[in-house]
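Peer 1: I would like to see how this sequence folds:
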Amino acid sequence: MLWLCAFTIICCIYCFSTSCNSGKTKEVVRDTTITYHTSYNNLFFDSILLQAFLDSNPDFQKFAIQYNDFYKQRNFEYAWFDSTGMVEQAANFMNLLNNSITHLQDSSLYNKKLANYYNEILQHKNKVSRQNILNTELLLTGQFFAYAAQTYKGSDIDATSLGWFIPRKKVNLTALLDSTIKYKNGTPYIPLNNQYNQLETYLEKYISFQKVYPTDSISYSAQLLKLHQENTIIPAIKDRLFLLGDLPCNDSTRLFDSGLLRAVKHFQKRMGLLEDGVIGKNMIEQLNVPISERIRQILVNLERIRWMPADSNSDYIIVNIPEYKMHVYEDGKVLFDMNVIVGKTTNNTVIFNGKLKYIVFSPYWNVPPSIVQKEIIPGMKKDPNYLVRNNMELTGTTNGIPVVRQKPGPKNSLGLVKFLFPNNFDIYLHDTPNHELFDATTRTFSHGCIRISSPKKFAQYLLSADTATVYTSKVIDSLMHLNKEKWVTLSKPVPVYIVYFTAWADANGQLNFRKDIYGHDAKMKEKLFTKEEKN
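Peer 2: Take a look at the predicted model:
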């Protein structure tokens with residue numbers, strides 16, 4: 001999941017610091033010494049005309065500060081025109097804009113007024129009025145701000161209402177436009193992680209074969225299909241796997257041959273299914289998902305990627321909830337990953353970021369009050385030895401509710417070690433005594449915290465940078481089997497991102513999809529597409 005390297009982290013050093021939200025409008029300062037008569041080749045415009053333009057184009061009022069800052073720093077000189085006419089950057093930007101409208105299916109980026117003015121200039125060139133040139137100039141600038149805000153910052157929706165608590169990156173639109181004008185390719189430059197580019201390429205591909213992908217569902221009779229068997233639905237399966245890129249060579253036979261076996265396993269891996277090479281109900285369900293739905297799934301995740309920091313060359317940790325995976329990055333590259341268990345659908349794991357600072361060996365488990373009320377108290381009533389049997393003890397009461405903790409040991413619900421990155425959600429990474437659960441393909445078993453499959457390996461990695469103490473395998477083993485908990489503070493905290501992506505390109509460039517286990521995609525689709533459909 002090289003992507004999320006892409007996406008993540010604290011390389012806010014690449015992000016721009018000023019939000020595109022404008023706040024209060026600044027008064028445009030007019031430089032009265034510059035007029036049409038004093039400027040060279042009339043390449044400057046009177047600053048008072050900017051306010052008049054904004055008054056007549058209310059859609060761009062939210063960018064008033066950016067307009068003023070951009071033109072004031074260039075003394076109200078035209079950006080998209082010079083003495084020879086429209087500059088190359090204008091044509092390049094319009095092409096980029098049109099491609100985005102087509103590929104991202106975002107009609108909100110289309111501006112009819114700009115299109116008309118732009119086409120008029122292309123057709124008539126030297127016969128265009130001064131006023132129309134000015135209108136085209138300011139429309140191009142406004143549309144650039146709108147495009148950049150949409151593409152690099154994301155739609156103007158409240159991410160927290162969608163369960164996303166990672167701060168959205170900020171974009172300095174003025175600096176972005178200035179850098180774009182300076183380079184002839186006219187392509188806005190702002191660090192976007194490579195995952196965005198890969199996913200956008202797949203979006204174009206899915207749009208291109210939307211018309212040829214079958215719309216009917218493959219019927220399934222609950223019969224498992226295996227190697228060397230024949231069945232009437234196998235040609236349809238082969239056809240879809242071929243279109244999706246899992247099957248290199250297609251044929252119309254009904255035989256489940258070795259080529260199909262490899263394709264089935266490849267598809268199962270991309271969908272997060274059990275890679276057993278057997279065609280069953282779950283695989284047929286994924287093959288029956290309409291391409292139009294996959295396109296929306298990609299669009300939803302492209303939107304999320306826009307909220308993320310750009311690529312980073314640092315060390316960090318990514319946990320992708322729908323993937324049930326943790327990815328450890330060192331110097332911006334995947335070092336290793338491991339399976340995780342996340343919160344139940346009734347106890348969602350929260351999407352947020354923090355910094356891992358502490359390792360707690362042989363931890364106590366301070367049982368949350370909600371679990372005490374729902375599970376511990378009823379257990380104590382049924383069995384007087386409930387606490388002793390579960391290696392628990394009472395440490396007091398709060399608001400009439402017993403305060404219960406589970407002592408260190410192999411049966412402790414947190415396992416033998418936990419990893420803390422202080423946050424308001426009381427979420428952390430930890431071991432578990434129930435390692436058999438990691439074999440399941442759907443791993444939503446926790447109360448919200450994240451259980452990891454290889455805690456000792458993770459601890460060794462985190463402590464490898466500590467020069468004061470040598471944490472050998474033997475030392476870590478001993479720390480994981482103490483009678484009381486032992487806290488270790490990391491010499492260098494490591495950024496952690498808990499994210500939610502149901503579509504991404506993996507380290508091999510393969511498109512992956514996962515189920516929307518918490519319903520976050522569904523809520524996002526309502527925000528992104530419902531308004532468009534009503535229009």
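Peer 1: SS state for Y518?
Peer 2: For Y518, the assignment made with DSSP: H, G, I helix; E, B strand; the rest coil gives coil.
Peer 1: That one - how many residues pack around it?
Peer 2: By the measure other C-beta atoms under 10 Å, the count of residues near Y518 is 21. Any C-beta I mention is one placed from the backbone N, CA and C, and that applies to glycine too.
Peer 1: residues touching it, list them.
Peer 2: Contact analysis of Y518 by C-beta atoms under 8 Å, 6 or more residues apart in numbering lists 163, 321, 345, 348, 500.
Peer 1: mind pulling up the phi and psi values for it?
Peer 2: With angles defined as degrees, to the nearest 10, Y518 sits at phi -100, psi 0.
Peer 1: got it, and S314?
Peer 2: Main-chain dihedrals, S314, degrees, to the nearest 10: phi -100, psi -170.
Peer 1: all strands of the stretch 251-400 of the chain, in order?
Peer 2: 316-320, 325-330, 333-343, 352-361, 365-366, 392-398 (DSSP state E, counting those that start in this stretch).
Peer 1: So in the protein, which strand runs the longest?
Peer 2: Longest strand of the chain, by residue count under DSSP state E: strand 486-499.
Peer 1: how far out from the middle of the chain is it?
Peer 2: Averaging C-alpha positions (C-alpha atoms, centre = their mean, to the nearest Å) puts strand 486-499 22 Å from its chain's average.
Peer 1: could you give the angle of it to strand 316-320?
Peer 2: In terms of direction (axes from the mean of the first three to the mean of the last three C-alpha atoms, to 10 degrees), strand 486-499 departs from strand 316-320 by 60 degrees.
Peer 1: so H327 sits right up against D315, yeah?
Peer 2: No - using C-beta atoms under 8 Å, H327 is not in contact with D315; the gap is 11.8 Å.
Peer 1: Of the two, which one has the most company?
Peer 2: Each of H327 and D315 has its neighbours counted (other C-beta under 10 Å); H327 has more, 23 against 20.
Peer 1: Beta-bridge partners for that one, please?
Peer 2: For H327, the beta-bridge partners under DSSP bridges are I318, D337.
Peer 1: And it, how far from E275?
Peer 2: Counting by C-beta to C-beta, to the nearest Å, the separation of H327 from E275 is 19 Å.
Peer 1: With L227 instead?
Peer 2: Look at L227 and E275: by C-beta to C-beta, they are 14 Å apart.
Peer 1: so L49 sits right up against L134, yeah?
Peer 2: Yes - counting by C-beta under 8 Å, L134 is a contact partner of L49 at 6.4 Å.
Peer 1: The two: who's more crowded?
Peer 2: Taking other C-beta under 10 Å, L49 and L134 do not tie; L134 has more neighbours (19 against 16).
Peer 1: ok so the more buried one is a helix residue?
Peer 2: Yes - judged by three-state DSSP, L134 forms part of a helix.
Peer 1: Which residue comes closest to it once chain neighbours are left out?
Peer 2: Ranked by C-beta to C-beta, 6 or more residues apart in numbering and with sequence neighbours excluded, the top spatial neighbour of L134 is F45, at 5.6 Å.
Peer 1: now T398
Peer 2: Leaving out its chain neighbours, T398 is closest to P369 (C-beta to C-beta, 6+ apart), at 7.2 Å.
Peer 1: K381: neighbour count?
Peer 2: Other residues within reach of K381, judged by other C-beta under 10 Å, total 9.
Peer 1: Tell me the helix or strand right after the helix or strand of the chain with the lowest mean pLDDT.
Peer 2: Least confident helix or strand, the chain: helix 2-6 with a mean of 42, by mean pLDDT, DSSP states H and E. Next helix or strand after helix 2-6 toward the C-terminus (DSSP states H and E): helix 48-56.
Peer 1: tilt between the next helix or strand after that next one and helix 48-56?
Peer 2: As assigned by DSSP H and E, the chain's next helix or strand after helix 48-56 is helix 64-73. Relative orientation of helix 64-73 versus helix 48-56 (the same axes, to 10 degrees): 160 degrees.
Peer 1: Touching stretch 375-388 from outside, list them.
Peer 2: The contact list for stretch 375-388, computed with C-beta under 8 Å, 6+ apart, reads 367, 389-390, 392-394, 402, 404.
Peer 1: Could I get the buried residue list for stretch 223-231?
Peer 2: L225 (16 or more other C-beta atoms under 10 Å).
Peer 1: contacts for it?
Peer 2: Applying C-beta under 8 Å, 6+ apart, the set of residues contacting stretch 223-231 from outside is 233-234, 254-258, 261, 277-280.
Peer 1: Can you tell me which of those residues are buried?
Peer 2: Applying 16+ other C-beta under 10 Å to the contacts of stretch 223-231 flags 233-234, 255-256, 261, 277-280 as buried.
Peer 1: Nearest to H447 among those residues?
Peer 2: When the buried ones among the contacts of stretch 223-231 are compared for distance to H447 (C-beta to C-beta), G280 wins out at 30.8 Å.
Peer 1: hang on, the earlier thing: and the next helix or strand past the longest strand of the chain?
Peer 2: Sequence order places strand 503-505 as the next helix or strand after strand 486-499, per DSSP H and E.
Peer 1: Who are the packing partners of that next one?
Peer 2: If you count contacts as 3 or more C-beta pairs under 8 Å, 6 or more residues apart in numbering; DSSP states H and E, strand 503-505 packs onto helix 2-6, helix 194-208, helix 291-307, strand 511-513.
Peer 1: how about these in CSV, adding mean neighbour count and distance to Q150?
Peer 2: Compiled in CSV, those are given as follows (neighbours: other C-beta atoms under 10 Å; distance: least, C-beta to C-beta, whole Å):
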stretch, mean neighbour count, distance to Q150
helix 2-6, 26, 19
helix 194-208, 18, 13
helix 291-307, 20, 8
strand 511-513, 20, 23
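Peer 1: between these, which gets nearest to D439?
Peer 2: Of all these, strand 511-513 sits nearest to D439, with 20.0 Å by C-beta to C-beta.
Peer 1: partner strands of the closest one, parallel or antiparallel?
Peer 2: Applying DSSP bridges, one finds strand 511-513 paired with strand 503-505 (antiparallel).
Peer 1: N193 against I305, yeah?
Peer 2: Yes - counting by C-beta under 8 Å, N193 touches I305, with 6.7 Å between them.
Peer 1: hang on, isn't A503 packed against D516?
Peer 2: No - counting by C-beta under 8 Å, A503 does not reach D516; the two are 10.1 Å apart.
Peer 1: Columns pLDDT and distance to Y471 on top of the contacts of stretch 223-231, output as JSON lines?
Peer 2: JSON lines is the format used below for the contacts of stretch 223-231 (pLDDT from 0 to 100; distance: C-beta to C-beta, whole Å):
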{"residue": "I233", "pLDDT": "96", "distance to Y471": "55"}
{"residue": "I234", "pLDDT": "97", "distance to Y471": "54"}
{"residue": "R254", "pLDDT": "97", "distance to Y471": "58"}
{"residue": "L255", "pLDDT": "97", "distance to Y471": "55"}
{"residue": "F256", "pLDDT": "97", "distance to Y471": "50"}
{"residue": "D257", "pLDDT": "97", "distance to Y471": "51"}
{"residue": "S258", "pLDDT": "97", "distance to Y471": "47"}
{"residue": "L261", "pLDDT": "98", "distance to Y471": "44"}
{"residue": "G277", "pLDDT": "98", "distance to Y471": "41"}
{"residue": "V278", "pLDDT": "97", "distance to Y471": "43"}
{"residue": "I279", "pLDDT": "97", "distance to Y471": "47"}
{"residue": "G280", "pLDDT": "96", "distance to Y471": "45"}
